[in-house]
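Engineer: here is the input, now give the coordinates:
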Amino acid sequence: MLRSLHIRDFVIVDEALIDFEDGFTVFSGETGAGKSILIDALSLLLGARGDTRVIREGCEKTDLSAHFDLDDDIREWLKNNDLDDGEDLLLRRVIDAQGRSRAYINGTAATLGQLRDVGEHLVDIHGQHAHQSLLKSANQYALLDSQGGHQELAKQVAAAWNTWQSLQQRLHQAQEHSAGLQAEREKLQWQYDELQTLALQPGEWEQTGVEHQRLAHAQSLLDGATRALNLLDGEDQAAQRALFSATQEITKLLHHDPAALQPILDTLESARIASSEAISDLNSYVSAVELDPDRLSVLEERMADIFSMARKYRCEPEELLALFESITQQLEQLTEDADLEQLEAKVAQAKTHYDTAAAQLSQARLITSKQLSQQVSHAMQELSMQGGQFAVELNACKPSAHGNEQVEFLVAGHAGVRPAPLAKVASGGELARISLALAVIASQAAQVPTLIFDEVDTGIGGAVAEVVGKLLRELGQRHQVLCVTHLPQVAAQGQHHLQVSKRSHDGQTRSHIHALDNNARVEEISRMLGGIAITDTTRQHAKEMLSRP
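Structural biologist: Predicted coordinates:
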């Protein structure tokens with residue numbers, strides 16, 4: 001649940017800290033005061049794209065942050081994303097004048113994708129143009145599947161469709177270009193056989209190079225190591241003997257000046273021990289170094305074969321193995337495509353998989369469509385569309401990524417009229433009411449704690465607006481509801497009221513947000529009712545509206 005929103009240098013807001021309560025909160029204010037700025041700020045915090053236009057004029061950056069309560073879903077999400085799960089959740093977004101955007105979750109840098117992911121668990125925003133998007137077919141599919149809770153099944157159908165169509169295309173190409181595919185397959189088979197004969201192993205080129213380097217310089221290695229060994233442990237002036245003698249001399253003098261000589265003695269002793277270890281290691285190395293011209297010849301021949309193959313295929317020797325794997329995969333693909341019977345069987349299997357998933361989705365949609373039709377039709381009666389009817393029609397159509405049916409929303413504005421497509425018969429006001437009914441019905445089943453309605457009451461008024469206010473207040477018993485409104489009937493139903501006002505000073509415009517007490521609410525509702533001239537009658541009307549249950 002949203003607890004606070006902090007805005008700094010955002011559009012026309014210099015700084016605002018807004019605390020939020022449970023229940024139904026309304027935002028009101030004059031046109032152009034910036035009521036929707038709050039929604040825009042939250043949208044950015046939930047991963048929406050933004051640019052430098054959101055920065056207040058003359059400022060270097062905009063800084064937004066929001067605090068949310070934690071629930072089990074959010075804690076699990078934070079844990080899965082290796083983010084701190086403290087006492088609450090803090091989202092922050094900074095956009096600077098260079099267009100750089102930075103996002104943070106509980107102080108840890110995050111991506112916009114992560115903001116969007118966590119936002120799906122936090123807030124559901126119904127924009128002021130939701131009724132327009134309702135006319136789009138894709139949105140009708142999405143709303144129905146969301147309401148029924150079968151989005152995952154819809155995704156499976158889309159994936160099954162894509163697999164089926166991909167295999168169908170492969171089959172068609174194989175049938176159309178069988179001669180060309182055969183020639184390509186023979187070419188790849190020849191390349192495969194040649195590279196398989198080389199039998200290059202993972203890491204072989206690098207290991208062969210290292211061994212060749214050692215054998216090619218074996219004599220130099222042996223001679224150099226032997227000389228170093230003689231310098232350390234030879235008969236004349238060997239370093240090991242010199243260190244031993246120096247250690248004995250310092251030991252004799254130690255009791256005369258222990259403080260100064262003891263560190264020197266320790267250093268000499270360490271050097272003597274280190275030289276002994278080096279002598280031992282060099283003896284082992286000299287014994288292990290072999291002069292093996294036959295092995296060197298074998299390595300040089302192998303390297304020549306590998307290098308020749310790489311030059312032939314115009315790649316580096318270390319890239320040959322990846323090339324072989326790629327050719328193997330291509331050859332397997334073409335071999336499958338050449339077997340038309342097997343490919344036809346795969347197409348049939350993919351179609352069966354699609355048909356099964358699509359049938360399950362059709363059944364789920366049928367159940368949801370009946371429930372949604374009844375619920376919205378009932379809500380229409382409350383929204384002064386008595387006798388009106390809403391229907392979700394599922395028309396059989398050719399298979400597609402959406403399934404085997406075309407989803408279409410139908411509406412009849414009053415009794416005795418046959419429902420017709422929403423886009424053809426619904427007026428602007430009716431469409432707004434139906435959209436609101438759908439939003440409320442969908443939100444009743446929603447799991448997100450906070451619901452935001454941004455002027456979704458556009459196009460309605462009078463008694464209908466009061467019903468809308470009551471619906472939102474009722475919804476506020478189950479969720480935290482925030483609503484930007486210009487209707488006094490809706491604002492009067494709010495349990496909490498925030499006013500957005502705009503002021504000009506020194507040629508600059510600022511937007512301010514503050515909570516209203518009871519007396520201030522009377523004045524604001526009066527303004528919304530009566531405009532500029534507020535009379536005692538208007539105030540009395542406002543008091544009556546606020547006193548209604």
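Engineer: what segments of the stretch 301-450 of the chain are helices?
Structural biologist: Listed from the start of the chain, the stretch 301-450 of the chain has helices (DSSP state H, counting those that start in this stretch) covering 320-338, 340-382, 422-425, 428-444.
Engineer: ok, residues contacting the shortest one?
Structural biologist: Residues outside helix 422-425 that contact it (CB atoms under 8 Å, 6 or more residues apart in numbering): 134-135, 408-413, 431, 434. (Glycine included, C-beta is placed from N, CA and C.)
Engineer: how far off centre is that helix?
Structural biologist: 36 Å (CA atoms, centre = their mean, to the nearest Å).
Engineer: for the longest one, same thing?
Structural biologist: The chain centre lies 27 Å from the centre of helix 340-382; the measure is CA atoms, centre = their mean.
Engineer: now the angle between helix 320-338 and that helix, please.
Structural biologist: 80 degrees (axes from the mean of the first three to the mean of the last three CA atoms, to 10 degrees).
Engineer: where in the stretch 1-150 of the chain is pLDDT low?
Structural biologist: By pLDDT under 70, the low-scoring segments of the stretch 1-150 of the chain are 32-34, 85, 127-133.
Engineer: would you map the strands across it?
Structural biologist: 2-10, 13-19, 24-28, 61-68, 89-96, 101-105, 108-110, 123-126 (DSSP state E, counting those that start in this stretch).
Engineer: show me the residue at the heart of this protein, geometrically.
Structural biologist: residue 113 (2.8 Å; CA atoms, centre = their mean).
Engineer: ok, that one - contacts?
Structural biologist: residue 47.
Engineer: distance of it from residue 120?
Structural biologist: Applying CB to CB, to the nearest Å, the value for residue 113 to residue 120 is 11 Å.
Engineer: just residue 382 next, same as before
Structural biologist: Distance from residue 382 to residue 120, by CB to CB: 29 Å.
Engineer: any idea how the protein splits into domains?
Structural biologist: Annotated domains of the chain cover 1-122+449-515, 204-329, 519-549 [automatic domain parsing].
Engineer: now do the end-to-end distance for the longest one.
Structural biologist: Looking at domain 1-122+449-515, the gap from its leading to its trailing residue is 19 Å under the measure CA to CA, to the nearest Å.
Engineer: deepest in the core, which of the domains of the chain is it.
Structural biologist: Mean neighbour count (mean count of other CB atoms under 10 Å) peaks for domain 1-122+449-515 among the domains of the chain, with a mean of 18.
Engineer: I figured residue 394 was touching residue 407, is that so?
Structural biologist: Yes: here residue 394 reaches residue 407: they are 6.3 Å apart, a contact under CB atoms under 8 Å.
Engineer: ok, these two, which is more surrounded?
Structural biologist: A direct count of neighbours by other CB atoms under 10 Å for residue 394 and residue 407 places residue 407 higher, at 22 against 18.
Engineer: pull the contacting residues for the more buried one.
Structural biologist: 137, 140-141, 144, 365, 369, 392-394.
Engineer: columns distance to residue 4 on top of those, output as TSV?
Structural biologist: Listed next are those as TSV, based on distance: CB to CB, whole Å:
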residue	distance to residue 4
137	40
140	36
141	37
144	36
365	40
369	41
392	40
393	45
394	45
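Engineer: just the buried ones from these?
Structural biologist: Buried subset of these (neighbour count, 16 or more other CB atoms under 10 Å): 140-141, 144, 365, 369, 392, 394.
Engineer: for residue 485, state which of those is nearest.
Structural biologist: residue 140 (26.1 Å; CB to CB).
Engineer: can I get the domains of the chain in JSON lines with distance to residue 161?
Structural biologist: What follows is these, written out as JSON lines (distance: least, CB to CB, whole Å):
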{"stretch": "domain 1-122+449-515", "distance to residue 161": "25"}
{"stretch": "domain 204-329", "distance to residue 161": "25"}
{"stretch": "domain 519-549", "distance to residue 161": "50"}
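Engineer: for those, which one sits closest to residue 418?
Structural biologist: domain 1-122+449-515 (24.0 Å).
Engineer: and the closest one, how far from the chain's centre?
Structural biologist: With CA atoms, centre = their mean, you get 20 Å for domain 1-122+449-515.
Engineer: skip the chain neighbours and tell me the closest residue to residue 392.
Structural biologist: residue 369 (3.7 Å; CB to CB, 6 or more residues apart in numbering).
Engineer: dump the residue contacts of that neighbour.
Structural biologist: 144, 392-394, 407.
Engineer: from residue 408, how far off is it?
Structural biologist: 10 Å.
Engineer: shared neighbours, these two?
Structural biologist: With CB under 8 Å, 6+ apart as the test, residue 369 and residue 408 both reach 392-393.
Engineer: next, give phi and psi for residue 401.
Structural biologist: Main-chain torsions, residue 401, degrees, to the nearest 10: phi -70, psi -20.
Engineer: surely it and residue 157 touch.
Structural biologist: Yes: at 7.2 Å, residue 401 counts as touching residue 157 under the criterion of CB under 8 Å.
Engineer: how much space between the residue nearest to residue 392 and residue 155?
Structural biologist: 19 Å.
Engineer: for residue 314, same thing?
Structural biologist: From residue 314 to residue 155 the distance is 42 Å (CB to CB).
Engineer: then residue 217?
Structural biologist: 61 Å.
Engineer: ditto for residue 274
Structural biologist: For residue 274, the distance to residue 155 - CB to CB - is 66 Å.
Engineer: before we move on, what about residue 94?
Structural biologist: Going from residue 94 to residue 155 by CB to CB gives 34 Å.
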